[in-house]
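1. how would this look folded up:
(one chain, ligands or ions: 1)
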Amino acid sequence: MEKFVINGGKPLHGEVTISGAKNAALAIIPAAILSEDICIIENLPTSISDVNYMMKTLRQIGAGVRLINNSTVEIDARHINSYIISHEITKHLRASYYFIGALLGRFGKAKVAMPGGCYLGPRPIDQHIKGFELLGANISIEDNAIVEATSEKLTGSPIYLDMVSVGATVNIMLAAVKASGLTVIENAAKEPHIVDLANFLNSMGADVRGAGTDVIKIRGVPQLHGCTYSIIPDQIEAGTYMVAAAASYGDVLVKNVIPKHLESISNKLIECGAIVEEYDDAVRVMLSRKPARCNIKTMPHPGFPTDMQPQMAVLLAIAEGTSIITESIWSNRFRYTEQLNRMGASISVDGQLAVVQGVETLKGAPVRADDLRAGAAMIIAGIAAKGTTEIEDIVHIDRGYEYVVEKFSAIGADIRRVYYPDSDALDTVG
Ligand code: EPZ
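-> Numbering: from 1, shown residues only. Okay, here's the model as predicted:
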């Protein structure tokens, strides 16, 4: 087993380069099977485990996957021979359900085990299913565990989403892109990764318009072709380093970003007293005094992203005064506050609200990464805290942060990955 050991209390200084966006990659990898051709995907975060599981899934169904370099992969979707994806693969990550839309689009059928992923509260897929059914697919769910989708012919349709859902928007786009006629998704998600997926599909010859607004129009095309495409930078990885810079009273240039995607995060950092300088493809974040309090409400894009909520809570935990965080996307995304309180934070949670009373400083402690972004928050807390923090369950962090030890070390953090024996495994010896 592995854990991170962080000796905190040192300001971060220097430059960090952001990788390709995980959540765009997780949509674009399955999208590549919609063409019976070869796609080359650049700026792909190939070292994170979520992307690795998606590439394993491609191989499981017969696609060729070749690593050209650390961030470029060739996907050869010409000889895919299966529309079935087992629980062995899907249990590892939520986004495996994008193969339902992609396989439906490619073969008119898909059999995919229900997905795993971070536990953030119940994660229903009713809107995905509603979309597939409106496109003409029959959906059955075996034993609450395997989704089977079949269709003689997918036909475009108006689809109104009852809530803004990234996953449902992606899945419907994947299924609709080769359906006959026009699909109109209303109340669609507007996240940067939705726009990236649309751009990728259009590079393959699709006709997708309106991505980035809440109405996406997809005119089905009979065939797609291969392409070379470069994934956008990761908004949330960038935001994580921006908050880490501020929480450590540091000065960090975060490179390879799209500043427009970071506006909601930059604005909150500025409200907290940080200086945020924007360049063409970089942002510099500096903070030299105790952060000011501020309130945060998570919202679909362009609102403040839920995936930055735990990281931002660390900054508010050491701010002057009391801040309120309202989580409006997930019903159970405050579990990490227990861990932060072990480090001396003063956060009380009441349903979807967290009241964060700023303390003078955090103290190092043994903590756990409850999920991916909770884990990112623990790293920031460990860097900001006085003393040593040990973070267990870092497998969650490895799902979404590439070279995290190397990147934080390069800007001055004292962070190490340490191997330790699994006590359960030891118990069984002899
Ligand atoms: C995506 O999850 C991201 N994952 C999540 O990032 C992110 O937190 C979330 O969007 C919100 O931005 C990926 O892109 C792979 P949703 P997703 O469908 O698609 C409800 C991370 O840390 N809902 O937008 O699963 C749902 O329960 C991850 O990188 C339904 O009720 O989220 C939630 O309350 C974690 N029925 C809300 O909508 C549905 O059919 C938004 O969920 C679908 C969703």
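2. quick one: contacts for Leu269?
-> Contact partners of Leu269, counting by Cβ atoms under 8 Å, 6 or more residues apart in numbering, are Met242, Val243, Ala246, Val276, Val285, Leu287, Leu315. For every residue, glycine as well, the C-beta is placed using N, CA and C.
3. Tell me the buried residues in whatever helix or strand it lives in?
-> Assigned by DSSP states H and E, Leu269 belongs to helix 263-271. Residues of helix 263-271 classed as buried: Ser264, Ile265, Ser266, Lys268, Leu269 (neighbour count, 16 or more other Cβ atoms under 10 Å).
4. again, but for stretch 127-144
-> Per 16+ other Cβ under 10 Å, stretch 127-144 contains these buried residues: Gln127, His128, Ile129, Lys130, Gly131, Phe132, Leu134, Leu135, Gly136, Ala137, Ile139.
5. Check stretch 362-370 too.
-> For stretch 362-370, burial by neighbour count (16+ other Cβ under 10 Å) applies to Leu362, Lys363, Gly364, Ala365, Val367, Arg368, Ala369, Asp370.
6. Just name the closest of those to Asp50, please.
-> Nearest to Asp50 among those is Ala369, at 14.5 Å by Cβ to Cβ.
7. low-confidence ranges in the stretch 151-300 of the chain?
-> Under the criterion pLDDT under 70, no range of the stretch 151-300 of the chain is flagged.
8. go on, the stretch 301-430 of the chain?
-> Applying pLDDT under 70 to the stretch 301-430 of the chain picks out residues 423-430.
9. That one: strands as residue ranges?
-> For the stretch 301-430 of the chain, the strands defined by DSSP state E, counting those that start in this stretch cover 322-326, 346-350, 353-357, 366-368, 388-392, 414-419.
10. Would you format these as TSV with distance to His13 included?
-> Output for these, formatted as TSV (distance: least, Cβ to Cβ, whole Å):
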stretch	distance to His13
strand 322-326	26
strand 346-350	28
strand 353-357	26
strand 366-368	25
strand 388-392	20
strand 414-419	13
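11. For Pro222, which of those strands is the nearest?
-> Per Cβ to Cβ, nearest to Pro222 of the strands of the stretch 301-430 of the chain: strand 322-326, 46.1 Å.
12. Please tell me how far Cys39 sits from Ile68.
-> Separation of Cys39 from Ile68 (Cβ to Cβ, to the nearest Å): 12 Å.
13. Glu148 now?
-> Distance of Glu148 to Ile68, computed by Cβ to Cβ: 35 Å.
14. can you check Ala244 too?
-> When distance is defined by Cβ to Cβ, Ala244 is 31 Å away from Ile68.
15. Which one's more surrounded, those two?
-> Remark: of Ala244 and Ile68, Ala244 carries more neighbours, 30 against 13, as counted by other Cβ atoms under 10 Å.
16. Below-threshold pLDDT in the stretch 1-150 of the chain: ranges please.
-> Applying pLDDT under 70 to the stretch 1-150 of the chain flags residues 116-121.
17. Contacts for stretch 180-190, please.
-> 131, 135, 153-166, 168-170, 172-173, 176, 194, 210-220, 300-302.
18. So which residues on this structure come close to the ligand?
-> 23, 26, 94-95, 118, 123-128, 163, 165-168, 189, 306-307, 329-330, 372-373, 400 (Cβ under 6 Å from any ligand atom).
19. Buried among those residues? Make that a ChimeraX selection.
-> A single ChimeraX command selects the buried members of the residues of the chain next to the ligand (16+ other Cβ under 10 Å):
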select :23,26,94,95,118,123,125,127,128,165,166,167,168,189,306,307,329,330,372,373,400
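20. Narrow the residues of the chain next to the ligand to those in strands?
-> Judged by DSSP state E, strands contain none of these.
21. In helices only, show me the residues of the chain next to the ligand.
-> Members of those lying in helices (criterion: DSSP state H): Asn23, Leu26, Asp126, Gln127, His128, Val166, Gly167, Ala168, Leu372, Arg373.
22. Now render the residues you listed as CSV, adding distance to Val254.
-> Below are these laid out as CSV (distance: Cβ to Cβ, whole Å):
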residue, distance to Val254
Asn23, 18
Leu26, 22
Asp126, 37
Gln127, 33
His128, 33
Val166, 23
Gly167, 27
Ala168, 31
Leu372, 19
Arg373, 17
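23. Relative to the ligand, which residue of this structure is the closest?
-> Gly167 (2.8 Å; Cβ to the nearest ligand atom).
24. who touches that residue in this structure?
-> Arg94, Ala95, Tyr97, Tyr98, Ile125, Gln127, His128.
25. ditto for Leu154
-> Contacts of Leu154 by Cβ under 8 Å, 6+ apart are Leu104, Gly105, Gly108, Leu135, Gly136, Ala137, Ala175, Ala176, Lys178, Ala179, Ser180, Gly220.
26. Same question for Tyr403.
-> Applying Cβ under 8 Å, 6+ apart, the residues near Tyr403 are Ser19, Ser47.
27. on that earlier part again, for the contacts of Leu154, which single residue is the most surrounded?
-> Ala176 (33 neighbours).
28. Hmm, that residue is touching Gly156, no?
-> Yes - between Ala176 and Gly156 there is a contact at 6.2 Å, judged by Cβ atoms under 8 Å.
29. Tell me the residues that contact both of these two, please.
-> Contact criterion Cβ under 8 Å, 6+ apart; residues shared by Ala176 and Gly156: Leu135, Thr183, Ile218, Gly220.
30. so what's the backbone phi/psi at the closest residue to the last one other than its chain neighbours?
-> Beyond its immediate neighbours in the sequence, the residue positioned closest to Gly220 (Cβ to Cβ, 6 or more residues apart in numbering) is Ala179, lying 4.3 Å away. For Ala179, the backbone dihedrals are phi -70, psi 160 (criterion: degrees, to the nearest 10).
31. Next, the contact list for Ala179, please.
-> With Cβ under 8 Å, 6+ apart, Ala179 has these contacts: Gly105, Leu135, Gly136, Leu154, Thr155, Gly156, Ile218, Gly220.
32. Quick check: the farthest pair among these?
-> Pairwise across these, and taking Cβ to Cβ, the largest span is found between Gly136 and Ile218, at 14.3 Å.
33. Report the separation between Thr150 and Gln311.
-> Taken as Cβ to Cβ, the span from Thr150 to Gln311 is 42 Å.
34. Neighbour count: the two, which is higher?
-> Gln311 (28 against 16).
35. Just list the residues touching the more buried one, thanks.
-> Gly239, Thr240, Val243, Ala244, Arg373, Ala376, Ala377, Ile380.
36. Return the members of those classed as buried.
-> Gly239, Thr240, Val243, Ala244, Arg373, Ala376, Ala377, Ile380.
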